[in-house]
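Asks: Need a 3D model of the following:
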Amino acid sequence: MKKLFFFWTIFLTLSIYANDAGSRLKDLVSIKGVRENPIIGYGLVIGLSGTGDGGGEITNNSLKRMFQKLGLNPQKEVSSKNVAAVVITAKLPPFARVGQKFDVTISSIGDASSLAGGTLLVTPLKGGDGNVYAVANGAISVGGMQSKGNKFLTTGSIPNGATTEKEIESDFDKKKSIRLNINNPDFTTAARIEKVINQELGGKYAVASDATTVDVIVPVVYERNVVQLMAILENFKVIPDVAAKIVINEKTGTIVAGGEVTLKPVAISQGDLTIEIKGDEGGGTTGGNKKKGASFYFVDKKTTLNDLVKSLNAFGVKPDDLISIFQALKRNGSLVGEIELI
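Replies: Residues are numbered from 1 along each chain as shown. Below is the predicted model:
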């Protein structure tokens, strides 16, 4: 049987060991209060080559109001296939200052067939509180894929198309304490972060209150200089703990295993393949009656999932069979770890 495993699936094993150099703290946590803020606006795209939405109540009313603001008072409704009504969405960066630019996404809300070549008119962007925080306008890019069969021409973007008009007040440099939120909540990781920060700062400055939260008191020497403190903290190396987990995507045949997934003694029969994970005596051999198409595989009880997959790959086991084997091992209680299907 040919070993076509890599053509069928991708198997990635991510194991964290005690001698791991660790990850930077900035890659493991977020800081309370330091985040992007979604903003939204409604506007018009003009200059389309007959690919607009051709009017409609919303578009026509918007055109009429625009002309009135420009000092014109058209008596009839203006209907044009060169105009499209759109919604503009963006994320206001943390600590955004007046004049700072950022990207926006433009999406048609009518029956326009394409926004390619269009220009967004000046559009205010509002936050959840109803205040205007930015203004967007400019030429729209749909990715340059029009000639390659792009099916999403009704959505585009404007790089640096929005300009910040209102700042979100922040007193970050005056903070007396900082709350770190762990991206992947875990008690062991939280305890390790607390320990590393206290060791590096030389005192009891960090306290882990739960699996997600680590509160850090700003040392006196860093008062009014919290930015410098964060620059130091975020570069501390911490070894995050990873739960033993297998994620399976049956649609694509992709299997991702993380953490130290281990196996207990068990025997499995799958098609013409027989697997036996032995007990304390350890050791292992492979063999079988080739005429009957039977294959036997013996492994030690301390075998990891990675070792098992490598061995099954040598037998040419298909992804579908691998998934069935993992699920059977888990149901039997012989696989120590969690299985998640996506």
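Asks: Only C-alpha atoms from now on, for both contacts and neighbour counts.
Replies: Noted.
Asks: now the helices: where do they sit in the chain?
Replies: Taking DSSP state H as the criterion, the chain carries its helices at 5-8, 57-69, 187-201, 226-233, 305-314, 319-332.
Asks: wait, which of those is closest to residue 181?
Replies: For residue 181, the closest of the helices of the chain is helix 187-201, at 9.3 Å, according to C-alpha to C-alpha.
Asks: tell me how far that closest one is from the chain's mean position?
Replies: 25 Å (C-alpha atoms, centre = their mean, to the nearest Å).
Asks: So, low pLDDT: which residues of the chain?
Replies: 1-20, 75-78, 144-151, 270-306, 311, 314-316 (pLDDT under 70).
Asks: Out of the helices of the chain, which is the most enclosed?
Replies: Mean neighbour count (mean count of other C-alpha atoms under 10 Å) peaks for helix 187-201 among the helices of the chain, with a mean of 18.
Asks: about what we covered before: to residue 152, which of the helices of the chain lies closest?
Replies: Minimum separation from residue 152 across those (C-alpha to C-alpha) falls at helix 57-69, 21.1 Å.
Asks: Could you name the helices and strands sitting against that closest one?
Replies: strand 84-92 (3 or more C-alpha pairs under 8 Å, 6 or more residues apart in numbering; DSSP states H and E).
Asks: coming back round to it: with distance to residue 216 as new columns, can the helices of the chain be given to me in a markdown table?
Replies: As requested, the helices of the chain are exported to a markdown table (distance: least, C-alpha to C-alpha, whole Å):
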| stretch | distance to residue 216 |
| --- | --- |
| helix 5-8 | 46 |
| helix 57-69 | 51 |
| helix 187-201 | 8 |
| helix 226-233 | 10 |
| helix 305-314 | 38 |
| helix 319-332 | 40 |
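Asks: closest to residue 131 out of those?
Replies: helix 57-69 (20.4 Å).
Asks: now the closest one: how far from the chain's centre is it?
Replies: 39 Å.
Asks: tilt between that helix and strand 84-92?
Replies: 80 degrees (axes from the mean of the first three to the mean of the last three C-alpha atoms, to 10 degrees).
Asks: how about the strands in the stretch 1-150 of the chain?
Replies: Under the criterion DSSP state E, counting those that start in this stretch, the stretch 1-150 of the chain carries strands at the ranges 11-14, 23-24, 29-31, 37-46, 84-92, 101-108, 119-126, 132-139.
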